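Asks: model the structure of this input:
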Amino acid sequence: LHPNQAQILSADQAGSVKVWDLGSSTCVNDVTPDPKAHSIQAVEVSEDGRTLVAANSHAEVFVWTCQSAPEYVESSGCAHSAANLAPITRFRAHPTGTYLTSAKISPDCRTLVTTSSDRTARLWDTASWDLTSTLAQHTKWVWDAVFSADSSYLVTSSSDHSARLWNLRTSEVVRTYTGHQCAVTCVALNDSST
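Replies: Predicted coordinates:
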C-alpha cells in the first residue's frame, strides 16, 4: 500500500510493476523495467511516497521517483503515464548468478536493504544508490529483512535457521535468534511504542 493510502503496488513474474488506484480498482501505471522480463521479487515505495523500487530475481534493482499530478492515458487496459514515474537508476545489488529475495526501504527513507542467495544483506544509500555496507554473517541464503521504526536496526532471516538483529551504525550483530528447525524465510518487527 502506497503511503498516500490511495494506491496499491504489485509486480509479477513477467517483470511488470503496476500501480492500482484503490478507490476505482483501476491500473494507473504499468512499467516493465527490463525488456528481458525477469520475475520481480520485490516492490517497495518509500514512506515519504517519493521513491519506488522494484528488484528482480537476477538481483537487478530499478528505482523511480514518484511525481505527483500525472495525466493518465488509456493503453493496454491500464490508464498510465510514464511522466508520473521517472527512472532514477538501475544497478546490480548482488553478484551475477545470485538470486535476490527481498528489497525494503527504511522508514527514514535513507537506506535500501537487499537480501540474496549470496548469504548477505546489502545496504544502499538512497541519496547516491552506493553500497554502504554488506552484512555477511549468515551461512545460507538470506530471505528477508525488516528495519526498526527508527531505522537504526535491521532483522534478517536465513536458511541457516536463524534471524539476526543488526546494529546499522556498527554493522554488527546484536543478537542471533535460533530455534527454527527449517529455513527462516520471513521476519517482522514490532518495536513501536504504541
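Asks: and the residue positioned nearest the centre of the chain, what does it touch?
Replies: Central residue of the chain (Cα atoms, centre = their mean): Ala103, 2.5 Å from the mean position. Residues in contact with Ala103 (Cβ atoms under 8 Å, 6 or more residues apart in numbering) are Gln41, Ala42, Glu44, Val53, Ala54, Ala55, Val61, Ala93, Leu112, Val113, Thr114, Thr115. Every C-beta, even on glycine, is put in place using the N, C-alpha and C of the backbone.
Asks: assign the last one to helix, strand or coil.
Replies: Reduced to three states with DSSP: H, G, I helix; E, B strand; the rest coil, the structure at Thr115 is strand.
Asks: same question, the fifth one
Replies: The three-state label given to Ala54 by three-state DSSP is strand.
Asks: dump the residue contacts of it.
Replies: Counting by Cβ under 8 Å, 6+ apart, Ala54 makes contact with Ala11, Val17, Pro33, Ile40, Ala42, Val43, Glu44, Val61, Phe62, Ala103.
Asks: so, low pLDDT: which residues of this structure?
Replies: Scanning the chain with the threshold set as pLDDT under 70 gives 68-83, 193-194.
Asks: if we go to 80?
Replies: For the chain, the stretches with pLDDT under 80 are 1-2, 4, 37, 67-83, 192-194.
Asks: and Val113, what does it touch?
Replies: Ser102, Ala103, Lys104, Ser106, Ala121, Arg122, Leu123, Trp124, Ala145, Phe147, Leu154.
Asks: make sure the third one is indeed in a helix.
Replies: No - when the secondary structure is assigned by three-state DSSP, Lys104 falls in strand instead of a helix.
Asks: appreciated, that's everything.
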